[in-house]
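1. Here is a sequence together with a model predicted from it:
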Amino acid sequence: MLHAVLCVTSWAKSEPPHIIMLLGDDVGWGNVGWHRQGDKEVVTPHLDRLVERGIELDQMYAFKYCSPSRSALQTGRNPIHVNVVNPVTTEHNPQDPVSGFAGIPTDMTSIAEKLAGVGYRAHAVGKWDCGMATDRHTPMGRGYQTWLGYFGHCNDYWSEIDKCGMGSCGDTAMVDLWEQNRSDANTSHPAAHLNNSQACSQQHQGGCVFEDDLFLQRALRVVREHDASEPLFLFWAMHACHGPRQVPKWMYNNFAFIEYDPRRMYAALVSYLDQMIGQLISALEDKAMYDHSVVVFASDNGGDDQANNYPLRGAKFSNWQGGIRVPAFVAGGFLPAARRGLKLAGATTLWDLYATFGSLAGLSHKEATADPLADRAGLPPVDSVDQWGYWVGSVREPPRQELAIGGALGSSHGDGGHHLQTTVEGLISGDMKLLLGIFAEAIWTGPQFPNATSNASDWETTVDCRLGCLFNLTSDPTESRDLAGTQAATVARMIARIEAINATAFSPVRGTSDPRGCDVAVHRYGGFWGPFVAVSMPSTKPRPK
């Protein structure tokens, strides 16, 4: 075992592996095959096979909703130190040129910049949700060579019309689809040539390209055109399984045996995600790149109220385990053979991938987590913990023993169009988890959920944890037994620690929706969302089809 680990360590220094980061959206804990073996409604054979060939990360944590998780992954920071809100992407505070925007502050260094600095070719595909206001906020501005995707929380899978957060500018429905290419004269423009006719919909699919197929083809193209002698970093953030839930009819028809339509649609979309990842893995194998790759899959948060996090409590938008503990694994031929097939119980987070990928690229921990640009701007430091040694077995104890659980004070969804204060709502320390506040979604679902007896009002069920609710996640992973009444000393210690961490919380005033966002989108980009700060206004782009 030690010999195998040493060989891998040496190989990692001389030949950095290709790194493939696959981020699903709103994938429920109970909606993947390795958590639901034998359930005919859960069809994920490609993901299951990767888990068998890799390492299941049984305690992977994310933020409870989209934008903070993505901002954390890109910057290596706990969301409480980068972004805990889920705002409209046109937010802008002109008084703060560093942090007065939706998403990531301008002066934080991204993982793509770190990896590009040591020779990686970095490409992004799919959902961004880390900011849009300036060119610096875009994927290319963050170090990616190319990107095809959308800026906001969600859009229509068929028409690419924005469906989350902003929606329209007056009577004009806005399209969210953009393309960038640093190698092509730094081009950055609406992907109007790839946008379907606005007549395309779940009901009218003929002659239309499903958005996730568009992203799949771009990811496959990145792999096929890549010079395998150079290390590749591919970040692919799929639309699946976020709403508005839509899927090609052929896949939907595969699940006709599920009578309850929301559950049928979700099952079909998860299966679609699975077959797309299968195609990417085949492309890596065909290019002889898989054996030199590290492939990480995770969801950006727990499944929502139309998914299933069984047997965990809660869902997306809650800090119960169902909202923040996400299905995840690491695979790829770069893993030592002796480690494959394991399930690791040590806690890790999406933001730990920043230091972990830096380590794989040959950076020391100090180099991987240094951010002089942020330091000069007075921004919070990187929180990322390198997990690679634990994954490959050269480090026995899990490197992360503590996790602060963040939120936006007074807003479970992190929206509302006004300034929201960052706060620490809980803490995981070793086996113990403490929640502090009032928490909704305090329910458990059954194996087949949602169903005809599901009641939306059930999600309003709350538990008062203002004095602290304490759970042992090892003996009680479903958070069924509150131990606060019998372990007062532990509660007091963890509350004190939460208060100390809360003093470091990052709460910039991001501003309000800037009308210039719509002006530029309509008059310069022809009805597509795009960067709007310091952008000239000629009307040069056509309206979408």
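-> Great, that's in hand.

2. What strand or helix carries residue 391?
-> helix 388-392 (DSSP states H and E).

3. Distance from the chain centre to that helix, please.
-> Distance of helix 388-392 from the chain centroid (CA atoms, centre = their mean, to the nearest Å) equals 22 Å.

4. Can you tell me what sits against the following helix or strand past it?
-> Next in sequence after helix 388-392, counting helices and strands by DSSP H and E, comes strand 402-408. Here strand 402-408 makes contact (CB atoms under 8 Å, 6 or more residues apart in numbering) with 61, 63-64, 68, 78-80, 84-85, 319, 324, 347, 349, 414, 420-430, 435, 437, 497-498, 501, 505. To be clear about C-beta, it is placed using only N, CA and C from the backbone, and glycine gets the same treatment.

5. same thing but 6 Å
-> 61, 78-80, 84-85, 319, 347, 414, 420, 423-429, 501 (CB atoms under 6 Å, 6 or more residues apart in numbering).

6. Quick one: buried ones out of the residues you listed?
-> Burial by neighbour count, 16 or more other CB atoms under 10 Å: within the contacts of strand 402-408 this picks out 61, 78-80, 84-85, 319, 347, 414, 420, 423-429, 501.

7. I'd guess residue 442 is in a helix, am I close?
-> No. Assigned with DSSP: H, G, I helix; E, B strand; the rest coil, residue 442 falls outside any helix and is coil.

8. ok, it touching residue 460?
-> No. With contact defined as CB atoms under 6 Å, residue 442 does not count as touching residue 460 (9.4 Å).

9. These two: which is more packed in?
-> Taking neighbours as other CB atoms under 10 Å, residue 442 and residue 460 compare with residue 442 leading, 21 against 11.

10. got the contact list for the more buried one?
-> 461-463.

11. Select only the buried ones of those residues in ChimeraX?
-> Only the buried entries of the contacts of residue 442 go into this ChimeraX selection, using 16+ other CB under 10 Å:
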select :463
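
12. ok, so of the contacts of residue 442, who is nearest residue 286?
-> residue 461 (49.4 Å; CB to CB).

13. thinking the closest one is in contact with residue 441, fair?
-> No. The pair residue 461 and residue 441 does not pass the contact test of CB under 6 Å, sitting 7.1 Å apart.

14. any idea which element residue 490 lies in?
-> Using DSSP H and E, residue 490 falls in helix 488-502.

15. quick one: contacts of that helix?
-> 404, 424, 427, 434, 436, 468, 470, 484.

16. What's the separation between the fourth one and residue 30?
-> Using CB to CB, to the nearest Å, we find residue 434 at a distance of 25 Å from residue 30.

17. I'd like the contacts of helix 488-502 as CSV, with secondary structure and pLDDT appended.
-> Shown next, in CSV, are these (DSSP: H, G, I helix; E, B strand; the rest coil; pLDDT from 0 to 100):
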residue, secondary structure, pLDDT
404, strand, 98
424, strand, 98
427, strand, 98
434, strand, 99
436, strand, 98
468, strand, 98
470, strand, 98
484, coil, 98
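
18. Those residues into TSV, with extra columns for distance to residue 536?
-> Formatted as TSV, the contacts of helix 488-502 follow (distance: CB to CB, whole Å):
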residue	distance to residue 536
404	42
424	42
427	48
434	52
436	48
468	54
470	56
484	58
